[in-house]
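Colleague: predicted coordinates and the sequence they were generated for:
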Amino acid sequence: MSSAVLHRDTHFLPKKAIGGKGSYMFLEDGTKFLDSTGGAAVSCLGHGHEGVTQAIKDQMDQLSYCHSAFFGTPVSEKLARFLTDSTGGKLSKLFVVSSGSEAVEAAMKLARQYFLELPTPQPQRTRFIARLPSYDGTTLGALSVGGHVLRREPFEPILAKKTSHVSPCYSYREKKDGETDANYIARLAAELDAEFERVGSDTVCAFVAEPVVGAALGCVPAVPGYFPAMKAVCEKHGALLILDEIMSGMGRCGTLHAWEQEGVVPDIQTIGKGLGGGYAPVSGILISDHIVQTMDKGTGVFRHGQTYQGHPVSCAAALATQKTIQKESLLENVRSMGAYLENQLHQRFEDHPCVGDIRGKGLFWGVEFVKDKASKEPFDPSTRLSFYIQEKGMQPEYSISLYGCPGTVDGIRGDHVILAPPYNVSKEEIDIIVDMFEKVLAVVLKELGL
């Protein structure tokens with residue numbers, strides 16, 4: 001049967017999900033599907049959490065929408081207070097929108113406006129530096145600052161040109177033999193410093209980076225000490241540090257904010273996905289108090305706004321999700337079950353001839369595949385290995401989500417899969433995830449003759 005929906009692939013009609021409970025989704029063909037990736041690391045409480053759905057219903061009964069140009073709402077104030085308090089007041093304001101891409105757009109615009117609001121304005125600051133490969137969203141601004149080759153390619157002619165990119169902190173492939181962590185960090189800091197000098201030290205608004213790189217690299221955490229070094233370079237050149245925690249934040253890596261583990265506080269932080277757990281579209285930016293004070297002493301007006309900014313139902317979903325994480329001590333479960341998942345992945349796959357690296361934090365893990373373990377040579381892109389792994393997992397006999405992504409090495413070559421189960425996942429469910437992943441990988445490699 002044809003569909004009136006423009007799906008992601010016009011040649012492919014996806015299976016229909018008709019229900020969900022806990023870690024499982026129910027499909028129209030009767031399949032019970034284990035959502036081991038939470039979609040795209042979104043469903044942090046799984047599906048059908050009654051406390052969250054009730055909070056959404058209660059808010060809808062009270063008020064579903066009002067325009068933020070005219071009114072505020074109690075629920076948006078409560079969410080903002082909860083999240084700013086969670087940073088110890090280091091980030092003192094919250095701006096709520098609907099998607100990760102929108103949050104990155106807002107962060108970029110706020111960074112630019114900050115320099116216009118300074119007592120001595122710096123209008124020459126128009127540039128952003130980010131990393132290759134990275135993914136910060138799909139709108140034109142977010143895509144411009146991101147460094148995901150395949151996603152940028154069709155739109156290169158219309159992307160913003162005042163962005164540039166440096167190397168990621170990707171020790172598996174980028175760290176040299178015999179190089180210490182300290183020397184590796186120093187080399188990356190020198191590269192960032194040189195990029196500031198190349199484009200003009202006083203022309204950069206911000207350096208943008210993911211604390212743990214998600215879809216682009218497959219859950220790659222930075223080497224300890226990397227982010228303080230990058231922040232120091234930003235401060236040297238008077239630029240801001242924007243940390244994109246859309247995928248890695250809100251508890252996914254074992255602390256509510258991924259930067260808590262990095263020894264650095266961002267000037268602006270983007271949040272999403274686990275913020276509302278998929279129960280409503282919601283994302284946002286958390287803003288350092290020094291930016292807030294600068295704006296307040298300037299025009300006091302953020303020249304940016306959207307129809308669904310601060311949407312009451314989205315705020316209710318986010319607040320209920322975050323209170324549930326706190327009430328049910330789910331960050332502790334993320335850490336303990338994350339350690340168990342890490343152990344199981346290493347036990348099963350560390351010696352696998354086609355597995356090059358296993359990396360991640362909390363319940364955010366990536367497995368990178370290689371054609372040759374010694375040389376780290378990736379499979380040819382024509383193999384489409386990650387795609388086939390993802391598609392095979394969807395078949396009824398496996399019924400598991402394996403988030404497959406290409407372009408791991410340079411945006412074109414390389415394959416990885418991501419596992420990101422809900423924060424309330426059980427040990428038994430992790431065993432099923434690892435077992436099914438092992439079976440799917442074996443079948444795919446055999447079918448492809450690899």
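Modeller: Good, I have the coordinates. As the structure is a prediction and not an experimental result, all values here were calculated from the model. Numbers count the residues shown, from 1 in each chain.
Colleague: next, the buried residues of stretch 413-426.
Modeller: Buried positions in stretch 413-426, judged by neighbour count with 16 or more other Cβ atoms under 10 Å: G414, D415, H416, V417, I418, L419, A420, P421, P422, Y423, N424, V425. For the C-beta atoms, the positions are set from N, CA and C on the backbone; glycine is no exception.
Colleague: can you give me the helices in this structure?
Modeller: Here the chain has its helices, by DSSP state H, at 38-41, 50-62, 74-86, 100-117, 140-145, 149-152, 171-174, 181-199, 226-236, 289-297, 312-327, 330-349, 385-393, 427-447.
Colleague: least reliable of those going by mean pLDDT?
Modeller: Among the helices of the chain, helix 149-152 carries the lowest mean pLDDT, at a mean of 82.
Colleague: tell me what it is packed against?
Modeller: When contacts are defined as 3 or more Cβ pairs under 8 Å, 6 or more residues apart in numbering; DSSP states H and E, helix 149-152 packs onto no helix or strand at all.
Colleague: flag every buried residue along it.
Modeller: For helix 149-152, burial by neighbour count (16+ other Cβ under 10 Å) applies to V149, R151, R152.
Colleague: dump those into JSON lines; add distance to R252 as well.
Modeller: Below are the buried residues of helix 149-152 laid out as JSON lines (distance: Cβ to Cβ, whole Å):
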{"residue": "V149", "distance to R252": "25"}
{"residue": "R151", "distance to R252": "21"}
{"residue": "R152", "distance to R252": "25"}
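Colleague: which of these sits closest to S68?
Modeller: R151 (30.3 Å; Cβ to Cβ).
Colleague: what's near enough to touch the closest one?
Modeller: Residues in contact with R151 (Cβ atoms under 8 Å, 6 or more residues apart in numbering) are Y135, T138, L143.
Colleague: export the residues you listed as a markdown table, with columns for neighbour count and distance to Q395.
Modeller: Shown next, in a markdown table, are those (neighbours: other Cβ atoms under 10 Å; distance: Cβ to Cβ, whole Å):
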| residue | neighbour count | distance to Q395 |
| --- | --- | --- |
| Y135 | 26 | 27 |
| T138 | 16 | 28 |
| L143 | 23 | 32 |
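Colleague: for D61, grab the count of nearby residues.
Modeller: Residues lying near D61 (other Cβ atoms under 10 Å) number 8.
Colleague: over to V204?
Modeller: V204, neighbours per other Cβ under 10 Å, totals 25.
Colleague: ok, D244 next?
Modeller: Count around D244 with other Cβ under 10 Å applied: 32.
Colleague: was I right to think it contacts T270?
Modeller: Yes: using Cβ atoms under 8 Å, D244 is in contact with T270, at 5.0 Å.
Colleague: residues that sit against both of the two, list them.
Modeller: Overlap of the contact sets of D244 and T270 (by Cβ under 8 Å, 6+ apart) consists of V104, A107, D136.
Colleague: picking up where we left off before, any idea which of the contacts of R151 is closest to F369?
Modeller: Nearest to F369, judged by Cβ to Cβ, of the contacts of R151 is Y135 at 19.0 Å.
Colleague: let me see the contact set for A103.
Modeller: By Cβ under 8 Å, 6+ apart, the residues touching A103 are V97, G137, I246, T270, I271, G272, S283, G284, I285.
Colleague: kindly recompute the last result at 10 Å.
Modeller: Residues near A103 by Cβ atoms under 10 Å, 6 or more residues apart in numbering: 95-97, 136-137, 142, 244-246, 268-272, 275, 282-286.
Colleague: the residues you listed in strands, which ones?
Modeller: 95-97, 244-245, 268-271, 283-286 (DSSP state E).
Colleague: closest to Q59 out of those?
Modeller: Nearest to Q59, judged by Cβ to Cβ, of the ones in strands among the contacts of A103 is V96 at 13.7 Å.
Colleague: hey, what's the closest one bridged with?
Modeller: Going by DSSP bridges, V96 is paired in beta bridges with G284.
Colleague: that one - how many residues pack around it?
Modeller: 28.
Colleague: same check on E428?
Modeller: With neighbours defined by other Cβ under 10 Å, the count for E428 comes to 8.
Colleague: that one and Q344, how far apart?
Modeller: Applying Cβ to Cβ, to the nearest Å, the value for E428 to Q344 is 12 Å.
Colleague: then L132?
Modeller: 31 Å.
Colleague: now do G51
Modeller: Noted for G51: a distance of 30 Å to Q344, by Cβ to Cβ.
Colleague: neighbour count winner among these two?
Modeller: Set side by side, G51 and Q344 show more neighbours around Q344, with 19 against 14, by other Cβ under 10 Å.
Colleague: the spatially closest residue to the more buried one that is not a sequence neighbour: neighbour count?
Modeller: The shortest distance from Q344 to any non-neighbouring residue, by Cβ to Cβ, 6 or more residues apart in numbering, is to V434 (4.6 Å). If you count neighbours by other Cβ under 10 Å, V434 ends up with 20.
Colleague: and D435, by the same measure?
Modeller: Other residues near D435 number 14, with proximity taken as other Cβ under 10 Å.
Colleague: and if you look at L240?
Modeller: Look at L240: counted by other Cβ under 10 Å, it has 26 neighbours.
Colleague: that one against L110, yeah?
Modeller: Yes: the pair L240 / L110 is scored as a contact, 9.1 Å apart, by Cβ atoms under 10 Å.
Colleague: how far away is the most centrally placed residue in the chain from G100?
Modeller: By Cα atoms, centre = their mean, the chain has its centre lying nearest to M247, at 1.9 Å. Plainly put, M247 is 8 Å away from G100 if you go by Cβ to Cβ.
Colleague: overlap in contacts, these two.
Modeller: The contact sets of M247 and G100 overlap at A40, V42, Y135, D136, T270, I271, G272, K273 (Cβ under 10 Å, 6+ apart).
Colleague: and which of those is nearest to E191?
Modeller: Closest approach between the shared contacts of M247 and G100 and E191, by Cβ to Cβ: D136, at 19.3 Å.
Colleague: many thanks, I have nothing further to ask.
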